[in-house]
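Chemist: Sequence isn't available, so here's the structure alone:
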């Protein structure tokens, strides 16, 4: 029990000290502030390499120009990414973007990949629609991977809120078995 408490305290201290940063896809998308990461679940059994990978992906996250980091969730997000494999290091960060639409911010995220990750968004760009209140944009390191970063763009009072959910698998991670013919959906596809 003491080891678990010590692990949680040291991870919390590490996150407070390192925080998370936004990378820029181009000069126009330079970050306006450095957001603070927060672990989103218990980190029991998570190895240091997974923690470092999750932080690296979060540090490489790019958000639309003008996005401002906020410490707490700025909106009511109606969906959350479920990471089925365990153990996994998870982090979250939030931003607000004034005078933007869900489609505008989501399309920007789709066109500006995070680090060396591959988009899971298929099809055409989202069309402007006043009834569009939320969109997921996912990025993974390889096809069929159950780790990476999922952005959720949601309507907010004066624009949109953006949440980044990041997950990196530990070396010992396993995924629950599925019935024949079933498969996991890609992160960010609902």
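Modeler: Alright, I've got the coordinates. Computed from a predicted structure; not experimentally measured.

Chemist: looking at this structure, which helix or strand does the model trust least?
Modeler: helix 2-18 (a mean of 36; mean pLDDT, DSSP states H and E).

Chemist: For the chain, which segments count as strands?
Modeler: For the chain, the strands defined by DSSP state E cover 38-39, 68-70, 86-98, 118-119, 134-140, 148-156, 159-174.

Chemist: what's the angle from the fifth one to strand 148-156?
Modeler: Read it as strand 134-140. If you take axes from the mean of the first three to the mean of the last three Cα atoms, to 10 degrees, strand 134-140 sits at 170 degrees to strand 148-156.

Chemist: ditto for the third one
Modeler: In this structure, strand 86-98 runs at an angle of 30 degrees to strand 148-156, with the same axes, to 10 degrees as the basis.

Chemist: how far does strand 86-98 sit from the chain's center?
Modeler: 4 Å (Cα atoms, centre = their mean, to the nearest Å).

Chemist: Which strands or helices does it pack on?
Modeler: If you count contacts as 3 or more Cβ pairs under 8 Å, 6 or more residues apart in numbering; DSSP states H and E, strand 86-98 packs onto strand 38-39, helix 48-59, strand 68-70, strand 159-174. Any C-beta I mention is one placed from the backbone N, CA and C, and that applies to glycine too.

Chemist: Show the average pLDDT along that strand.
Modeler: In this model, strand 86-98 carries a mean pLDDT of 98.

Chemist: Name the residues of that strand that are buried.
Modeler: By 16 or more other Cβ atoms under 10 Å, the buried positions in strand 86-98 come out as 86-97.

Chemist: Just send the residues you listed back as JSON lines, with distance to residue 55 too.
Modeler: Listed next are the buried residues of strand 86-98 as JSON lines, based on distance: Cβ to Cβ, whole Å:
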{"residue": "86", "distance to residue 55": "19"}
{"residue": "87", "distance to residue 55": "16"}
{"residue": "88", "distance to residue 55": "13"}
{"residue": "89", "distance to residue 55": "8"}
{"residue": "90", "distance to residue 55": "11"}
{"residue": "91", "distance to residue 55": "7"}
{"residue": "92", "distance to residue 55": "12"}
{"residue": "93", "distance to residue 55": "11"}
{"residue": "94", "distance to residue 55": "16"}
{"residue": "95", "distance to residue 55": "17"}
{"residue": "96", "distance to residue 55": "22"}
{"residue": "97", "distance to residue 55": "23"}
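
Chemist: ok, so of the residues you listed, who is nearest residue 143?
Modeler: Residue 143 lies nearest to residue 88 out of the buried residues of strand 86-98, by Cβ to Cβ, at 18.4 Å.
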